[in-house]
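Engineer: A structural model of the following input is requested.
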Amino acid sequence: MDTPAAPIFVEWTVTGPQSDEEDEWSFFEEEFLGASRRRPAKRRRTKASQSGAPSTSRRTVPDKKEVCLKDMFKMPLDILYEIFSHLSPADLLQLARTNKELRAMLFSRKACFIWKRVRGLVPGPAVPDPPDDVSEPSWAHLLFGGPFCYRCDGKGATRVDFALRRRLCKTCMADGLVIAGKFQDRFPEMPSGLLDMVPYTNVGRWGSGTAGERKYYWAQDIREMYRDMVIDMATSKSNSDFYERKVASAQEIVASSRRFDQWASEVALWRAENIKAAKSLRKDEITRRCLAMGYDNADLENPEFSKLPAVCSEKPLTEKAWSCIRVKLASWLADARQERVHKLRLQKVEEIYNNFTDSLIPFQLCYLPSAAGVATLPCFQDFMQKDPCEEISNSLWDEAAQHLHGELTEWANTMRERFIAMLPPGNYAPTSPMQFTSKNAPAAELHAARKSLKTFGGPLELAISVFVADTGGIPRVLIGRELCNAWRGMERSDVPKDLKFKFSQVCSDIAARTVTLAGTNSETTTALMMDQGRQYFQCTECNAIEYEKSAYFWRYWVNPSRSHHHSFSSLELVDLDSVSVLDIEEYETPHDFGLSFSSPECILCNHCGRSDYDETVILEHIQSVHGLTTAVEDEDFFHRSHPGHPQDRRQSGKLLFREREPDPTVAESLKRELSSSSSTDVSAFSSP
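Structural biologist: Numbering: from 1, shown residues only. Take a look at the predicted model:
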């Protein structure tokens, strides 16, 4: 157990005639033993109980440790000194605490050479000689006595303050240090010039261990210096040089502390390099043994492997230590290999999957799973579950890739039927099997495939196909194709991967209400048809008392709002011929993101897959690259949000109006501006 040793304050005492044998160092006992290790006070021996029972005497058996130490003193001193000179300073300090005889022997002047010799044997940068005001044992205690506070005897005093000649914990520093600016407040009876005679440090309680600008003094040193000054003034003559001597001594102590701090920094760097080298040797030896056991070097080079406590230790690897950590390392390496091989196989699946999807019509990617989902298909499932030690040849991967198209088609149709079954009963149009078409297919087949994309998901494309998932108490509503787009997997970390959507009857009824108000059939009207209608709906109860009324697109009302509590029966279609339009707030494309999928929604070309936030850019691209003057949504281009996210762009429109007759010419102009057909003429974007 670590035990703090003697303090730095020593004084010379000579008892009797001065000689080399009798001259020794005397220590303040309380400071040497520390606050918690002072000798217990002696007690008076009490008489035996006089209860009448005879007292039994028992022979005192001497302590075995004391007997061994007494035998040791029978050895010649030169042999003992030679043995002691091969110890470390910390061991020599511990030895001096065992009994009085050893204490007197090691603290005598004749033993001074032992402390110097053991100090020279310390590895690393050479230990500097002690300053004139510190003895060899006190210097050894200060440097090698352990991280114990000189004031409270507690652990945690890892830093040596050479200016104060102490190790201090944070608590004692806060209590015992006096900043120069607070000296007069704490010691009003003392002259300000007293601080010139007291050594100071530049590292305070809240410092990071590096010297700063401020000066901190130890309160005990201030009191002792004041006491010595008073005694000197009372006993010395008028021409005393006490002040000059103390100022010079304090300046020398502070100056020497800079050199000692530099040595401490060199020692810390040397220790760090040695620890790093020891850790490297241990890891290399463990790596060599693990390779001999048959483990892969890729797992041994894993950064997490180097962080294992059994690997990053600086202790040398012994056979006993290896036998203790071998089983745990084997278990960790087996798990690491399993995880590494699984990632490699998943990357291979993703590579095959990406090659397949690159050949498809971009629009159809909205109905496909993620790469992790593809890995669970039967053609790849056996590969993912194989033993990590087994190799999978390229021919087996190629054979599995041949079955990918058919299994993806079956998977997509199964997912579609699963969610169609959640929809309310209705007279829906017959659904055709989902067939994924390559971009390299014949022109006629490719044209027919693009024409059928608007109803590719069957009833799931309808406006009344509304599904909701709870994400942390906030409902996430997906309408129509947005649900199918969520099948591809979550590409953003803020979306739970286990997101499960359920059909929402309430939201579906609201959507059906808006479809009916628009004058169409809810069993045949798709979400795209409602979006292209660009019609505004208002809540009559919300606008009942408002002078400036507001209306929104249909998706706004389908998404539940905490601020709206009225029944969906209060929704009404806004007739632009009978209102005065004040303002139209449209969706603004964000420009603060650098990634292509960082906005709520982007627009993609259905011929090559190019994406952009701005629909105008895609329309110009379709005309200039693909030679089409008329671009049809969901045939030549389409809107796509993040998988698992709604199309915010579709629900962000807001109309401000008043209930009064507008100028007929203005109303007609607004109607032409707001209305758009399913076909978009891009000839206006051509260059003159």
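
Engineer: contacting residues around Tyr353?
Structural biologist: Applying CB atoms under 8 Å, 6 or more residues apart in numbering, we find Tyr353 in contact with Ala371, Val374, Leu404. Heads up, the C-betas are built off the backbone N, CA and C, glycines and all.

Engineer: in which helix or strand does it reside?
Structural biologist: In this structure, Tyr353 sits in helix 319-357 according to DSSP states H and E.

Engineer: which other residues reach the very next helix or strand once past that helix?
Structural biologist: Counting by DSSP H and E, the element after helix 319-357 in chain order, helix or strand, is helix 371-374. Applying CB under 8 Å, 6+ apart, the contact partners of helix 371-374 are Leu346, Val349, Glu350, Tyr353, Asn354, Phe380, Leu404, Leu408, Trp487, Gly489.

Engineer: can you give me the buried ones in helix 371-374?
Structural biologist: For helix 371-374, burial by neighbour count (16 or more other CB atoms under 10 Å) applies to Ala371, Gly373, Val374.

Engineer: please apply the same query to stretch 340-347.
Structural biologist: Applying 16+ other CB under 10 Å to stretch 340-347 flags Val341, Arg345, Leu346 as buried.

Engineer: what sits closest to the first one if chain neighbours are left out?
Structural biologist: In this structure, Val341 finds its nearest non-sequential neighbour in Pro388, 3.8 Å apart by CB to CB, 6 or more residues apart in numbering.

Engineer: wait, the one you found sits on His342?
Structural biologist: Yes. Using CB atoms under 8 Å, Pro388 makes contact with His342 at a distance of 7.5 Å.

Engineer: identify the residues contacting Ser570.
Structural biologist: Cys539, Thr540, Glu541, Cys542.

Engineer: circling back: take the buried residues of stretch 340-347 and lay them out in a markdown table including distance to Ser249 and pLDDT.
Structural biologist: As requested, the buried residues of stretch 340-347 are exported to a markdown table (distance: CB to CB, whole Å; pLDDT from 0 to 100):
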| residue | distance to Ser249 | pLDDT |
| --- | --- | --- |
| Val341 | 71 | 95 |
| Arg345 | 75 | 94 |
| Leu346 | 73 | 94 |
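
Engineer: any chance of those residues in a markdown table, plus distance to Phe148?
Structural biologist: Formatted as a markdown table, these follow (distance: CB to CB, whole Å):
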| residue | distance to Phe148 |
| --- | --- |
| Val341 | 52 |
| Arg345 | 56 |
| Leu346 | 55 |
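
Engineer: so the residue nearest to Val341, which state does it fall into?
Structural biologist: Using DSSP: H, G, I helix; E, B strand; the rest coil, the structure places Pro388 in coil.

Engineer: where does it sit relative to Pro123, distance-wise?
Structural biologist: Separation of Pro388 from Pro123 (CB to CB, to the nearest Å): 45 Å.

Engineer: which one of those two has more residues nearby?
Structural biologist: Comparing Pro388 with Pro123 by other CB atoms under 10 Å, the one with more neighbours is Pro388, at 16 against 9.

Engineer: tell me the bridge partners for the nearest residue to Glu461 once chain neighbours are set aside.
Structural biologist: Counting by CB to CB, 6+ apart, Thr526 is the residue found nearest to Glu461 once chain neighbours are left out, at 4.6 Å. Assessed by DSSP bridges, Thr526 has beta-bridge partners Leu462.

Engineer: state the number of residues packed around Thr526.
Structural biologist: Using other CB under 10 Å as the criterion, the residues surrounding Thr526 number 23.

Engineer: quick one: residues contacting it.
Structural biologist: When contacts are counted by CB under 8 Å, 6+ apart, Thr526 touches Lys454, Thr455, Glu461, Leu462, Ala463, Gly480.

Engineer: flag the shaky bits of this protein, pLDDT-wise.
Structural biologist: Applying pLDDT under 70 to the chain flags residues 1-70, 206-212, 238-239, 471-473, 489-499, 562-563, 587-600, 660-688.

Engineer: go through it and flag its longest helix.
Structural biologist: Counting by DSSP state H, the longest helix found in the chain is helix 242-292.

Engineer: now the angle from it to helix 319-357?
Structural biologist: 70 degrees (axes from the mean of the first three to the mean of the last three CA atoms, to 10 degrees).

Engineer: from the contact counts, what lies against the helix or strand following helix 242-292?
Structural biologist: Later in the chain than helix 242-292, the nearest helix or strand by DSSP H and E is helix 297-300. On a contact count with 3 or more CB pairs under 8 Å, 6 or more residues apart in numbering; DSSP states H and E, helix 297-300 meets helix 242-292, helix 319-357.

Engineer: got CSV for those, with distance to Gly204 too?
Structural biologist: Below are the helices and strands packed on helix 297-300 laid out as CSV (distance: least, CB to CB, whole Å):
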stretch, distance to Gly204
helix 242-292, 15
helix 319-357, 42
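
Engineer: now Phe187. Its backbone dihedrals?
Structural biologist: In terms of degrees, to the nearest 10, the main-chain angles of Phe187 are phi -130, psi 70.

Engineer: excluding its backbone neighbours, what's nearest it?
Structural biologist: Once flanking residues are discounted, Phe187 sits nearest to Ile222: 6.4 Å by CB to CB, 6+ apart.

Engineer: swap in Arg271?
Structural biologist: In space, Arg271 comes closest to Gly124 once its chain neighbours are excluded; the distance is 7.1 Å by CB to CB, 6+ apart.

Engineer: before we move on, the earlier item: what's the farthest-apart pair in the contacts of helix 371-374?
Structural biologist: Spatially, the most separated pair among those is Leu346 and Trp487, at 18.2 Å (CB to CB).

Engineer: and the helix holding Tyr353, what's buried?
Structural biologist: Residues 325, 329, 332-333, 336-337, 341, 345-346, 348-349, 352-353, 356-357 are the ones in helix 319-357 that count as buried (16+ other CB under 10 Å).

Engineer: tell me how the chain divides into domains.
Structural biologist: 10-36+62-265, 274-343 (automatic domain parsing).
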